[in-house]
Structure formats: structure tokens, C-alpha cells
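In: have a look; sequence and predicted model below, questions after that.
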Amino acid sequence: MVYRIQSEENVTGTNLIESDNMETYDVESAEDFESFIHMERTPVEGRSIFLNHRDLDKLAKEINEEIQRNHREQ
């Protein structure tokens with residue numbers, strides 16, 4: 001699953017649920033993941049992922065940490 005960061009604003013679990021910025025991709029191995037560029041791949045259609053609220057909040061936290069890292073680097 002990939003979340004496309006398009007803003008410097010932090011996200012919440014609710015933002016993730018309502019977002020069109022999440023797509024699912026098949027990745028064959030850990031090595032493929034390390035070199036993964038979502039713009040060069042086609043997302044998988046018709047697949048759903050179910051997350052409980054705690055996992056959704058954890059995902060939002062990780063995305064927000066990346067947003068902050070990117071903001072500091074600019």
C-alpha cells in the first residue's frame with residue numbers, strides 16, 4: 001500500500017480513510033520494495049485492505065514523520 005504525499009499537512013486516520021491518495025501495489029520481495037517507485041508501476045485494482053483503528057493511527061503517524069522529514073530537508 002502506498003500513500004502519495006501531496007501536502008505538508010499532517011494526516012489523521014480519518015484523512016487516510018477518506019483519501020484518494022492510497023493505492024495498492026504488488027511487490028515481489030524486500031529488495032523490490034527498497035527500489036520501488038510507484039510512478040513506474042500500475043496499482044492493483046479491486047483489492048481492499050482492512051485496518052483496525054490502532055493500525056490506521058500508526059500508519060498516519062509514520063506518514064506524518066515522513067512529511068516532517070521532507071519538510072526539514074527543504
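Out: Yep, it's here.
In: how about residues contacting whichever helix in the chain runs longest?
Out: When the chain is parsed with DSSP state H, its longest helix is helix 53-73. Applying C-beta atoms under 8 Å, 6 or more residues apart in numbering, the set of residues contacting helix 53-73 from outside is 3, 5, 7-13, 15-17, 51. The C-beta positions use only the backbone N, C-alpha and C, and glycine is treated the same way.
In: let me know the average pLDDT across it.
Out: Mean pLDDT, computed over helix 53-73, is 90.
In: now it, how far from the centre of its chain.
Out: Using C-alpha atoms, centre = their mean, to the nearest Å, the distance from the centre of helix 53-73 to the centre of the chain it belongs to is 9 Å.
In: which ones among the contacts of helix 53-73 are found in strands?
Out: Counting by DSSP state E, those place residue 3 in strands.
In: select from the contacts of helix 53-73 every entry located in helices.
Out: 13, 15-17.
In: just the CA trace of stretch 35-46, in CSV.
Out: Extracted C-alpha coordinates of stretch 35-46, given in CSV (Å, rounded to 0.1, in the frame of the first residue of the first chain):
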residue,chain,number,x,y,z
SER,A,35,13.9,0.2,-5.1
PHE,A,36,10.1,0.6,-5.5
ILE,A,37,8.9,3.7,-7.5
HIS,A,38,5.1,3.8,-7.6
MET,A,39,5.0,6.1,-10.6
GLU,A,40,6.6,3.3,-12.7
ARG,A,41,4.1,0.7,-11.6
THR,A,42,0.4,0.0,-12.2
PRO,A,43,-1.7,-0.2,-9.0
VAL,A,44,-3.7,-3.3,-8.3
GLU,A,45,-7.4,-2.8,-8.9
GLY,A,46,-10.2,-4.3,-6.9
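In: noted, bye for now.
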